[in-house]
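A.B. asks: Kindly return the folded structure for what I paste below:
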Amino acid sequence: MGNQVINSGRRGGHLAATVAANPGMASIELDIQDPKSIEAAANKLIADFPKLNVLINNAGIMNFDDVTTRVDEELLVSTITTNLLGSIRMTGALI
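C.D. replies: As a prediction, this is how the structure comes out:
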């Protein structure tokens, strides 16, 4: 249908393999936990793909947490940063 799929992720090797297996697909490295990475990726996407009109925020983590003890603060912050803030920041960067 003429759509361009652009995959993103933290691991360049995985992205390259995905693109190689799917001719016509593009990719960009992105760490959704890092606001600077989000800004850089959004700027590159806007410059390289000016017709970009759909974003599917599909990043997420769910790490094991022992609920019989206190919540691990680092785990909590990492989960919220990835699953909530990352999507909000990426959407905002592309609007």
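A.B. asks: burial of Ile32, as a residue count?
C.D. replies: By the criterion of other Cβ atoms under 10 Å, Ile32 has 24 neighbours. Any C-beta I mention is one placed from the backbone N, CA and C, and that applies to glycine too.
A.B. asks: Contact partners for the spatially most central residue of the chain?
C.D. replies: Centroid-nearest residue in the chain: Ile32, 4.6 Å away (criterion: Cα atoms, centre = their mean). Taking Cβ atoms under 8 Å, 6 or more residues apart in numbering, we find Ile32 in contact with Ile38, Ala59, Thr82, Gly86, Ser87, Arg89, Met90.
A.B. asks: Looking at those residues, spot the one nearest Ser27.
C.D. replies: When those are compared for distance to Ser27 (Cβ to Cβ), Ala59 wins out at 14.1 Å.
A.B. asks: Would you agree the closest one is in contact with Thr82?
C.D. replies: Yes. The pair formed by Ala59 and Thr82 meets the contact definition of Cβ atoms under 8 Å, at 6.0 Å.
A.B. asks: Report the rounded mean pLDDT for the helix or strand containing Gly92.
C.D. replies: Using DSSP states H and E, Gly92 sits in helix 86-94. Average pLDDT, helix 86-94: 96.
A.B. asks: buried residues in it?
C.D. replies: Gly86, Ser87, Arg89, Met90, Ala93, Leu94 (16 or more other Cβ atoms under 10 Å).
A.B. asks: try stretch 20-27
C.D. replies: Across stretch 20-27, burial judged by 16+ other Cβ under 10 Å covers Ser27.
A.B. asks: Distance from the chain centre to it, please.
C.D. replies: Stretch 20-27 sits 17 Å away from the centroid of its parent chain (Cα atoms, centre = their mean, to the nearest Å).
A.B. asks: just the CA coordinates of it, formatted as PDB?
C.D. replies: The C-alpha coordinates for stretch 20-27 follow below in PDB (Å, rounded to 0.1, in the frame of the first residue of the first chain):
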ATOM      1  CA  ALA A  20      17.600  -7.500   6.200                       C
ATOM      2  CA  ALA A  21      14.700 -10.000   6.600                       C
ATOM      3  CA  ASN A  22      12.100  -7.500   5.600                       C
ATOM      4  CA  PRO A  23      13.100  -5.600   2.400                       C
ATOM      5  CA  GLY A  24      11.800  -2.100   2.300                       C
ATOM      6  CA  MET A  25      11.700  -1.700   6.100                       C
ATOM      7  CA  ALA A  26      13.900   1.000   7.700                       C
ATOM      8  CA  SER A  27      15.200   1.300  11.300                       C
END
